[in-house]
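1. Got a predicted structure plus its sequence, pasted below:
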Amino acid sequence: MSETNVRKRRGRENDDDSNLKNETLEGHLQDSPSNSSFIMTALLTVVIFTLVCVNGYYNSPIKAVEIEGLVKVNLEGVFVVNQKLSKGKKLPLPSPESIAEGGDGKLYTGLADGRVVCIHPSNDGEIGAGKVENITTGVIEGAVNTSDAWGHGRPLGVRLRNQSLYVIDAIYGFYVIDLPTKSLKILIEPDDVTPPMKFPDDFDITADGRTVYITDVSPKFAMPQLTYIGYEGTCTSRLIKYDMLTQKLDVVKDGLCFGNGVQLIDDESMVIVPETTRYRVNWIDTKTGEIKHVLHLPVMPDNIRKNNRGTYWIAGKTQLTWLFEFVAKYPVFRQTVAGLFSPDILMTIAEDKHGMLFEVNSAGEVIQTLHDPEGQLTHGLSQGTELSDGRIALGTFNGNFLSFSNTEWSL
């Protein structure tokens, strides 16, 4: 090959290399705006997200603390899953939280719209299958209230003594209804206690009718903001004693973590009170306020009611999952979330369809557990009231029906 040809060939190679470099450079120049745009978008997203979270944290309605003392209870042994609470009937009603049965087969319950109602037996005698009669309208004109967000009351715990129906109302306090006349008398207004009750929840009355034990879930948040109590994690609930004769009010026990249901044991030496957000139930000495026994459960416990066999039904829902255990350790996360979402959305996040009903004795030993794993019969299970026909009436704090289990639960 001649020297001239070699030079020409080398020249062409150099030109090709130069063209390739130019094309690569042009490609980089063309890609640079796209890459820069992506980076800027990502940075802007991170900045906006951070600002939103910071705003949520500092404007949150709660001051969250670490939730301690949680004990994981596995679904085994006496807690093993079954279907005993999955079959029965439903009666459409707005969130009947607590149920009491009269000697004539009538049922009494309080509803989410503020009414207290009587459910008559059917013409053939079936309990809970007859007409629904209004006992109250749901509004007590001129009464002191814990919140006017709903414009009506929210009756929770109910108990029947002869012809008197006693009601704890999260909005209006504690009152009694004379059933023959339907006249209502307020016994305790929310501001009769210091500090005032914001969320009166449940109660029980001693056999002589003189002393009432009441739980106040929070002195800070009323029932419309109940999810804030759980997300905050503070322990500010109180067990309060009320003397019906002297009208004196005393705090038996404070520092409870979402103190909920109330049930005296037979000799009235102790009162059973769940701490809902700690997944445990306490046996509290009625004289000293000392916790004598603690029962840990796999779900959040709610109301407690005695049955005719001398044992007690404790209702519960929302299992202790790894996610709850995780967020319990990080109050910053819970405070931020509570500042970004409404109480209704927060409630949806925390919901679990698996309902459980625990039968326990006075010593706090679990006898059996009834399950509704798929929520076929229950939703937001709040109370189990064993009826005279052998079925169990199942209350709910946010479902749209009153449920009745079949009698097969006892098999």
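-> Yep, that arrived. Because the structure is a prediction, the values reported are computed rather than measured.
2. Can you list the low-confidence ranges for the stretch 1-150 of the chain?
-> 1-33 (pLDDT under 70).
3. Below-threshold pLDDT in the stretch 301-411 of the chain: ranges please.
-> Looking along the stretch 301-411 of the chain with the criterion set at pLDDT under 70, you get 350, 411.
4. could you pull out the strands for it?
-> 312-319, 355-360, 366-372, 381-386, 392-396, 401-405 (DSSP state E, counting those that start in this stretch).
5. Burial check on P219, number of neighbours?
-> Neighbours of P219 under the rule other C-beta atoms under 10 Å: 17. Bear in mind the C-beta positions are built from the backbone N, C-alpha and C, glycine included.
6. Spatially, what comes nearest to it if we skip its sequence neighbours?
-> P195 (4.5 Å; C-beta to C-beta, 6 or more residues apart in numbering).
7. Run through the bridge partners of I99.
-> T109 (DSSP bridges).
8. ok, now which ones touch it?
-> Counting by C-beta atoms under 8 Å, 6 or more residues apart in numbering, I99 touches 107-109, 158, 383, 385, 393, 395, 402.
9. Please report how far the residue nearest to K90 when sequence neighbours are not counted lies from P195.
-> Leaving aside its sequence neighbours, K90 sits nearest to F401 (C-beta to C-beta, 6+ apart; 4.2 Å). F401 sits 36 Å away from P195, taking C-beta to C-beta, to the nearest Å as the criterion.
10. Determine which member of the two has the greater number of neighbouring residues.
-> The neighbour count for F401 versus P195, taken as other C-beta under 10 Å, is higher for F401 (18 against 12).
11. So what's the residue count around G375?
-> Using other C-beta under 10 Å: G375 sits among 17 other residues.
12. Wait, it touches K353, no?
-> Yes. Between G375 and K353 there is a contact under C-beta atoms under 8 Å: 3.1 Å.
13. about what we covered before: and the strands of the stretch 301-411 of the chain as TSV, adding distance to K241?
-> Below are these laid out as TSV (distance: least, C-beta to C-beta, whole Å):
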stretch	distance to K241
strand 312-319	20
strand 355-360	23
strand 366-372	28
strand 381-386	22
strand 392-396	25
strand 401-405	31
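14. so which of those gets nearest G173?
-> strand 381-386 (19.5 Å; C-beta to C-beta).
15. Can you show me the CA trace of stretch 342-357 as CSV?
-> Extracted C-alpha coordinates of stretch 342-357, given in CSV (Å, rounded to 0.1, in the frame of the first residue of the first chain):
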residue,chain,number,x,y,z
SER,A,342,-59.1,13.4,59.6
PRO,A,343,-60.3,11.2,62.5
ASP,A,344,-62.5,9.2,60.1
ILE,A,345,-59.6,8.4,57.8
LEU,A,346,-57.5,7.5,60.8
MET,A,347,-60.2,5.1,62.0
THR,A,348,-60.3,3.4,58.6
ILE,A,349,-56.6,2.8,58.7
ALA,A,350,-56.8,1.1,62.1
GLU,A,351,-59.9,-1.1,61.4
ASP,A,352,-59.7,-4.9,61.6
LYS,A,353,-62.7,-7.1,60.7
HIS,A,354,-61.8,-10.0,63.1
GLY,A,355,-64.0,-9.8,66.1
MET,A,356,-63.5,-11.8,69.3
LEU,A,357,-65.5,-12.5,72.4
